[in-house]
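Visitor: Pasting a predicted model and its sequence here:
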Amino acid sequence: MAPPQAPVPPSPFLAPRRSSSYGGNTPDKSPHSKNKKITISSDTFNTKIKPEHKSSALGCTANLITAIVGAGIIGIPYAMRETGLLAGWFLILLSAILGSKSLRLLLETAKHVDATSYETLAETVFGKIGWVGSNAMMLMMSWGPMMSYLMLVKDTLGTVLDYDPANCLIFSSLFIILPLSLQRDMADLAKTSRISVLLNI
């Protein structure tokens, strides 16, 4: 008979995994109740919560390519010219490897702590500072490409349409960019992402 193994000490950086299942009897941890049990029926679940809007594999691929390419495609030719062909390809490959490794680490950590979003994962690991820091970084990473795209749209449309660049920027922002930004689900952007990928190619 094998001797019992010593328990593995919990990681100081990761919280224990929580259950995320719906339905059944779930103990209520609120301070206003003493371990009450609540039951969510299937009828209530189906009427209260709308089914998740999912995209196809092609739509997800288009959204992912659009998110990866982003505004960085504007600076890639300049970076390749400054670094050279071999060094440029090496840096692109290194960035891809590091990005893939960091993404896998994030996914494994999110599974361990049962986090469903990046900011929730940062809050679980680092506390409130992690939540504030992750949101601030996402804001800055969105602000920079947004400004780059607006300036690019202003200069390009003004030249192509031979019209006032300021008016082109106002029109495209109000009637094209704003409606797309108001979508609540990334799956709704699959069609426009496909067009974006074709134009990038």
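Guide: Here it is on my side, so go on.

Visitor: helices or strands next to the longest helix along the chain in the packing?
Guide: Identified as the longest helix of the chain according to DSSP state H is helix 128-160. Here helix 128-160 touches helix 72-83, helix 118-126, helix 165-172, going by 3 or more C-beta pairs under 8 Å, 6 or more residues apart in numbering; DSSP states H and E. Placement of C-beta: from N, CA and C, glycine included.

Visitor: Give me whichever of those is most buried.
Guide: Greatest average neighbour count among these goes to helix 118-126 (a mean of 18), per mean count of other C-beta atoms under 10 Å.

Visitor: any idea how far the longest helix of the chain is from the chain center?
Guide: Helix 128-160 sits 14 Å away from the centroid of its parent chain (C-alpha atoms, centre = their mean, to the nearest Å).

Visitor: just stretch 108-122 next, same as before
Guide: 12 Å.

Visitor: start to end distance for it?
Guide: Terminal residues of stretch 108-122 are spaced 13 Å apart (C-alpha to C-alpha, to the nearest Å).

Visitor: Averaged pLDDT, it. What do you get?
Guide: If you average the pLDDT over stretch 108-122, you get 87.

Visitor: and what of stretch 135-149?
Guide: pLDDT averaged over stretch 135-149 gives 85.

Visitor: Quick check: nearest residue in space to L91, chain neighbours excluded?
Guide: Leaving aside its chain neighbours, L91 sits nearest to T83 (6.5 Å; criterion: C-beta to C-beta, 6 or more residues apart in numbering).

Visitor: Do I have it right that the one you found meets W89?
Guide: No. Using C-beta atoms under 8 Å, T83 is not in contact with W89; the gap is 9.2 Å.
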